[in-house]
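**Student:** Structure here, sequence nowhere to be found:
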């Protein structure tokens with residue numbers, strides 16, 4: 001079996017895949033945020049099927065990576081957490097998506 005380095009084609013796209021995004025729960029969070037301007041915590045929790053604690057944990061990792069902006073506010077004295085992709089997060093997701101397409105396209109049929 002040949003390797004990409006021996007073929008002269010460079011490294012495999014999976015070797016450089018963003019592991020922060022590649023985790024399934026974080027991938028679905030970013031996928032939702034990629035197609036909408038912003039979302040509140042409860043909406044994202046319902047859409048992803050994650051528990052509040054699990055969603056919060058994954059959002060903390062995405063925020064630490066600079067991919068998600070988390071804004072807390074009060075609406076009629078009720079706390080609300082708004083989430084949106086940062087420009088860095090949007091670009092990282094775009095690159096991840098392109099890399100995964102490449103990996104899948106390169107699979108033998």
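**Tutor:** It's in. This one's a predicted model, so the numbers in the text were calculated from it and none came from an experiment.
**Student:** can you give me phi and psi for the residue most central in space within the chain?
**Tutor:** Closest residue to the average C-alpha location of the chain: residue 30 at 3.4 Å, with C-alpha atoms, centre = their mean. Dihedral angles of residue 30 (phi, psi; degrees, to the nearest 10) stand at phi -70, psi -40.
**Student:** show me where this structure has helices.
**Tutor:** 4-7, 19-22, 24-35, 41-48, 52-64, 87-105 (DSSP state H).
**Student:** and the ones you listed as a markdown table, adding mean pLDDT and distance to residue 80?
**Tutor:** For the C-beta atoms, the positions are set from N, CA and C on the backbone; glycine is no exception. Output for the helices of the chain, formatted as a markdown table (pLDDT from 0 to 100; distance: least, C-beta to C-beta, whole Å):
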| stretch | mean pLDDT | distance to residue 80 |
| --- | --- | --- |
| helix 4-7 | 46 | 47 |
| helix 19-22 | 95 | 26 |
| helix 24-35 | 97 | 16 |
| helix 41-48 | 96 | 8 |
| helix 52-64 | 98 | 14 |
| helix 87-105 | 94 | 20 |
